[in-house]
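Student: just need the structure, nothing else, for what follows:
(chains A and B)
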Amino acid sequence: DVQMTQSPSSLSVSVGDTVTINCRASEDIANYVLWHRQRPGNGNVPEVLIYGASTLESGVSSRFGGRGSGTDFTLTISSLQPEDVGTYYCQKYGSGPWTFGQGTRVEI
Amino acid sequence: DVELVESGGSRVKPGESLRLSCAASGFTFSSYLINWVRQSPGKGLEWVSSISGTGSSINYADSVKGRFTISRDNGKKSVQLQMDSLRVDDTAVYYCLTPPVFTGYAMGVHWGRGTLVTVSS
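Tutor: Numbering: from 1, shown residues only, chains lettered A, B, ... in the order given. Purely as a prediction, here's the structure:
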């Protein structure tokens, strides 16, 4: 099964910073990557930010961007805002198990 | 709009069984795979199981293989998760998750709001 290794596990940043979260797949998964976020203010229900590694989900701020293909993927949050505090996960989708990364906690 | 509504969560004792259901609306249900994902208290998201649109392809996480069974009823637009031999470490909020689905005017990935399963003696 494909393993997803996410880094870093946590980040402490300031409002206005640019944040980069990395995710590495154990084998080539083309662009079959989702990025999710969990925020305490949303009852901890996960929200999808990006699918297809780089396509922004409808309604998601353009401050979020995804890149990558094959085995290496990144999520970038530009000009971080207080409402961006939460935990971010990458996930492999498509055929087989839909493995999650370990998560990255972003705090201010 | 796409909606996923999970139900069936409750408090049970170790070794008991529980059946969860995920009711879907707003997209061509039979065309899409559906996943169950869980999150134990204080832990990360864990993929549990998936079933293809026709039900012919099924996958399970190693942690639930042999104890959980996923199924679907395309006529009722629902997916079930039969959970047997429940253990304390199965305690979690269980969510439904779709792949990118096309609703006729938009594409998107969707989560339900979850149902809580507590396994405790």
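Student: which bits of chain B sit near chain A?
Tutor: B:35, B:37, B:39, B:44-47, B:50, B:59, B:61, B:93, B:95, B:97, B:99-100, B:106-111, B:113-114 (CB under 8 Å from any CB of the partner chain). No exception for glycine: its C-beta is placed from N, CA and C like everyone else's.
Student: filter those residues to the buried ones?
Tutor: Among the residues of chain B next to chain A, those buried by neighbour count (16 or more other CB atoms under 10 Å in any protein chain shown) are B:35, B:37, B:39, B:44-47, B:50, B:59, B:61, B:93, B:95, B:97, B:99-100, B:108-111, B:113-114.
Student: any idea which residue is closest to the centre of the chain?
Tutor: In the absence of a named chain, chain A is used. Centroid check for chain A by CA atoms, centre = their mean gives A:Trp35 as the closest residue, at 3.6 Å.
Student: sorry, I should have been clearer: chain B.
Tutor: Mean-position check on chain B, CA atoms, centre = their mean. Result B:Trp36 at 2.9 Å.
Student: element containing that residue, please.
Tutor: strand B:34-39 (DSSP states H and E).
Student: partners of whichever helix or strand comes after that strand in the sheet?
Tutor: Note on strand B:34-39: by DSSP H and E, the next helix or strand toward the C-terminus is strand B:45-51. Strand B:45-51 sits in its sheet next to strand B:34-39 (antiparallel), strand B:58-60 (antiparallel), going by DSSP bridges.
Student: how about the strands in chain B?
Tutor: Per DSSP state E, chain B carries strands over the ranges B:3-7, B:11-12, B:18-25, B:34-39, B:45-51, B:58-60, B:68-73, B:78-83, B:92-97, B:101-102, B:107-108, B:115-119.
Student: for the residue nearest to the centre of chain A, what are its contacts?
Tutor: By CB atoms under 8 Å, 6 or more residues apart in numbering or on different chains, A:Trp35 lies in contact with A:48-50, A:64, A:66, A:75, A:88-91.
Student: now do the SS call for the residue nearest to it when sequence neighbours are not counted.
Tutor: Excluding the flanking residues, the one nearest A:Trp35 by CB to CB, 6 or more residues apart in numbering or on different chains is A:Ile50, at 4.2 Å. Put simply, A:Ile50 is strand when judged by DSSP: H, G, I helix; E, B strand; the rest coil.
Student: what comes up buried for stretch A:61-79?
Tutor: So, applying 16+ other CB under 10 Å, buried residues of stretch A:61-79: A:64-66, A:68, A:71, A:73-75, A:77.
Student: and the gap between A:Val15 and chain B?
Tutor: Between A:Val15 and chain B the computed distance is 26 Å (CB to the nearest CB, to the nearest Å).
Student: which SS class is that residue?
Tutor: A:Val15 is classified as coil under three-state DSSP.
Student: who's in contact with it?
Tutor: So A:Val15 contacts A:80-82, A:108 (CB under 8 Å, 6+ apart).
Student: of these, which is the most crowded?
Tutor: Using other CB atoms under 10 Å in any protein chain shown as the neighbour criterion, A:Leu80 leads those with 19 neighbours.
Student: just the C-alpha atoms of stretch B:25-42, please, in PDB.
Tutor: Taking C-alpha atoms only, stretch B:25-42 is exported to PDB below (Å, rounded to 0.1, in the frame of the first residue of the first chain):
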ATOM      1  CA  SER B  25     -27.900  13.000  -2.000                       C
ATOM      2  CA  GLY B  26     -27.200  15.600  -4.700                       C
ATOM      3  CA  PHE B  27     -25.100  13.500  -7.100                       C
ATOM      4  CA  THR B  28     -25.300  10.300  -9.200                       C
ATOM      5  CA  PHE B  29     -24.700   8.000  -6.200                       C
ATOM      6  CA  SER B  30     -24.200   4.700  -8.100                       C
ATOM      7  CA  SER B  31     -21.300   6.200 -10.200                       C
ATOM      8  CA  TYR B  32     -19.000   6.900  -7.300                       C
ATOM      9  CA  LEU B  33     -16.900   5.100  -4.700                       C
ATOM     10  CA  ILE B  34     -17.600   6.000  -1.100                       C
ATOM     11  CA  ASN B  35     -15.200   5.900   1.800                       C
ATOM     12  CA  TRP B  36     -15.500   5.500   5.600                       C
ATOM     13  CA  VAL B  37     -12.900   7.500   7.500                       C
ATOM     14  CA  ARG B  38     -12.500   7.700  11.300                       C
ATOM     15  CA  GLN B  39     -10.800   9.800  13.900                       C
ATOM     16  CA  SER B  40     -10.100   8.500  17.400                       C
ATOM     17  CA  PRO B  41      -9.900  11.100  20.200                       C
ATOM     18  CA  GLY B  42      -6.800  13.100  19.900                       C
END
